[in-house]
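S.K.: sharing a model prediction with you, sequence too.
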Amino acid sequence: MTINLKQAEAITERSVHVQNGWLMFPVLVGFLLADIALLIFAIEKGTQTTSWIVVVLLLPACVILSKGFFTLQPNEARVLVLFGDYKGTVRTSGLHWGNPFYTNGSQHFGALARGAELQSKLAGTKAGSGGISGQTLGRNKISLRARTLNGDKLKVNDKRGNPIEIAAVVVWRVEDTAQATFDVDNYENYVSTQSESALRHLASLYSYDYGEENETTLRSNMAEVSQTLRGELQERLAKAGVVVDEARLTHLAYAPEIAQAMLRRQQAEAVIAARQKIVQGAVSMVDMALRELAEKQVLVLDDERKAAMVSNLMVVLCGESEVHPVLNTGTLYS
């Protein structure tokens, strides 16, 4: 048995121009005034079937034509759909007039928004985190402004299997209104879901920290990791006609159950690193002291006395507590 899976055809945006609303407004007013004048004429002249028919037909025609007016704000677009056929997108701001039979998508988008809101509540997410404001504009209007998706903290496992908490902020905007409208069911919910999925996948590719030599980690290479996240998001969201302007990590920490253990580990490593610096400095100081004594012939020491001097200096330089010297009142060898 062969199953043929046919991928849906992608629709790309095409720009169209509609009539200027300020030019169509006086035309509509003229039709309305003509209808009123004809009504008065028909009343004065008595019953004329033709006049009454024109009056009756002209009034609903004016009402229908008035439905063609719509306004667009800057960075706002309207997708024009006529009887299920995509006609184009208007991006110019101002008052416009188009075919009054263009689909008014307020009810359709309103249902999508209510469905997304219900899904958000069932998933336990914060209200407004996904952002459905753009879908409730009505009349197939889509906001082209940059939007910010501030993701919730996610508990995931890094490359080494350590549970961590991670969150990211994504700045995105709609680039292709046709793809955003027709290629995905709800583009804002799609952005939210794909952002969470990409962040989970990203966390599994890198270690939190303490990776191998020259290994990229989440903590030490946050700029590179954020750039990788942006690239993956752009690849995922291209289907919805969305462009990702910026994506960066906003929260990164170990999960509470291992936070204390990892803190002790960090403290131990910090102590070891400090000890290494102290030892390196002490060795350099001892070497410098012996070399200065030999070059200036201040004192000639045999190997045994050099070893004793090195031991005493190392104790003084590397010890944490205050050192109390013992004065020798005899000779150097007594």
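M.R.: Here it is on my side, so go on. Numbers count the residues shown, from 1 in each chain.
S.K.: could you use CA atoms for every contact and neighbour count after this?
M.R.: Fine.
S.K.: pLDDT below threshold where in the stretch 151-300 of the chain?
M.R.: Along the stretch 151-300 of the chain, segments meeting pLDDT under 70 span 211-213, 258-269, 297-299.
S.K.: that one: helices as residue ranges?
M.R.: Along the stretch 151-300 of the chain, counting by DSSP state H, counting those that start in this stretch, helices occupy 177-182, 187-203, 222-237, 256-295.
S.K.: now the ones you listed as TSV including distance to Gly68 and mean neighbour count?
M.R.: Below are those laid out as TSV (distance: least, Cα to Cα, whole Å; neighbours: other Cα atoms under 10 Å):
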stretch	distance to Gly68	mean neighbour count
helix 177-182	20	23
helix 187-203	26	19
helix 222-237	33	18
helix 256-295	58	13
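S.K.: nearest to Arg147, out of those?
M.R.: Distance to Arg147, taken as Cα to Cα, is lowest for helix 187-203 among the helices of the stretch 151-300 of the chain, at 10.1 Å.
S.K.: which strands and helices sit next to the closest one?
M.R.: Contact here means 3 or more Cα pairs under 8 Å, 6 or more residues apart in numbering; DSSP states H and E; on that basis helix 187-203 packs against strand 154-157, strand 163-174, helix 222-237.
S.K.: and Leu58, how many neighbours?
M.R.: Residues lying near Leu58 (other Cα atoms under 10 Å) number 18.
S.K.: whoops, Pro74 was the one
M.R.: 12.
S.K.: mind checking which of the helices of the stretch 151-300 of the chain is nearest Arg248?
M.R.: helix 222-237 (4.6 Å).
S.K.: need the CA coordinates for the closest one. CSV is fine.
M.R.: C-alpha atoms of helix 222-237 as CSV (Å, rounded to 0.1, in the frame of the first residue of the first chain):
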residue,chain,number,x,y,z
MET,A,222,26.7,33.1,25.1
ALA,A,223,27.1,35.3,22.0
GLU,A,224,27.9,32.3,19.7
VAL,A,225,25.0,30.3,21.3
SER,A,226,22.6,33.2,20.7
GLN,A,227,23.6,33.5,17.1
THR,A,228,23.1,29.7,16.6
LEU,A,229,19.6,30.1,18.2
ARG,A,230,18.7,32.9,15.8
GLY,A,231,19.8,30.9,12.8
GLU,A,232,17.8,27.8,13.9
LEU,A,233,14.7,30.0,14.6
GLN,A,234,15.0,31.7,11.2
GLU,A,235,15.1,28.3,9.5
ARG,A,236,12.0,27.1,11.4
LEU,A,237,10.0,30.3,11.1
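S.K.: can you tell me which residues contact Gly68?
M.R.: Shown in contact with Gly68 (Cα atoms under 8 Å, 6 or more residues apart in numbering): His96, Trp97, Gly98, Asn99, Pro100, Phe101, Tyr102.
S.K.: now the closest residue to Gln234 other than its chain neighbours: how far from Gln227?
M.R.: The shortest distance from Gln234 to any non-neighbouring residue, by Cα to Cα, 6 or more residues apart in numbering, is to Val244 (5.7 Å). Distance of Val244 to Gln227, given as Cα to Cα, to the nearest Å: 11 Å.
S.K.: my read: the residue nearest to Gln234 touches Arg230, true?
M.R.: Yes: Val244 lies in contact with Arg230 (Cα atoms under 8 Å); the separation is 6.7 Å.
S.K.: report the two of the contacts of Gly68 separated the most.
M.R.: By the measure Cα to Cα, His96 and Phe101 form the most distant pair in the contacts of Gly68, at 14.3 Å.
S.K.: pick out whichever of the two has more residues nearby.
M.R.: Taking neighbours as other Cα under 10 Å, His96 and Phe101 compare with His96 leading, 21 against 14.
S.K.: burial count for the residue lying closest to the more buried one once chain neighbours are set aside?
M.R.: Nearest residue to His96, sequence neighbours excluded (Cα to Cα, 6+ apart): Gly21, at 4.0 Å. When neighbours are defined as other Cα under 10 Å, Gly21 has 18 of them.
S.K.: likewise for Tyr86?
M.R.: For Tyr86, the neighbour count with other Cα under 10 Å is 17.
S.K.: give me the nearest residue to it, chain neighbours excluded.
M.R.: Counting by Cα to Cα, 6+ apart, Leu80 is the residue found nearest to Tyr86 once chain neighbours are left out, at 6.2 Å.
S.K.: after the helix or strand where the one you found lies comes which helix or strand?
M.R.: Per DSSP states H and E, Leu80 falls inside strand 76-82. Downstream of strand 76-82, the next assigned helix or strand under DSSP H and E is strand 85-90.
S.K.: and the residue nearest to His96, what does it touch?
M.R.: Phe69, Phe70, Leu95, His96, Trp97.
S.K.: any idea how far Tyr208 is from it?
M.R.: In this structure, Gly21 and Tyr208 are 57 Å apart, going by Cα to Cα.
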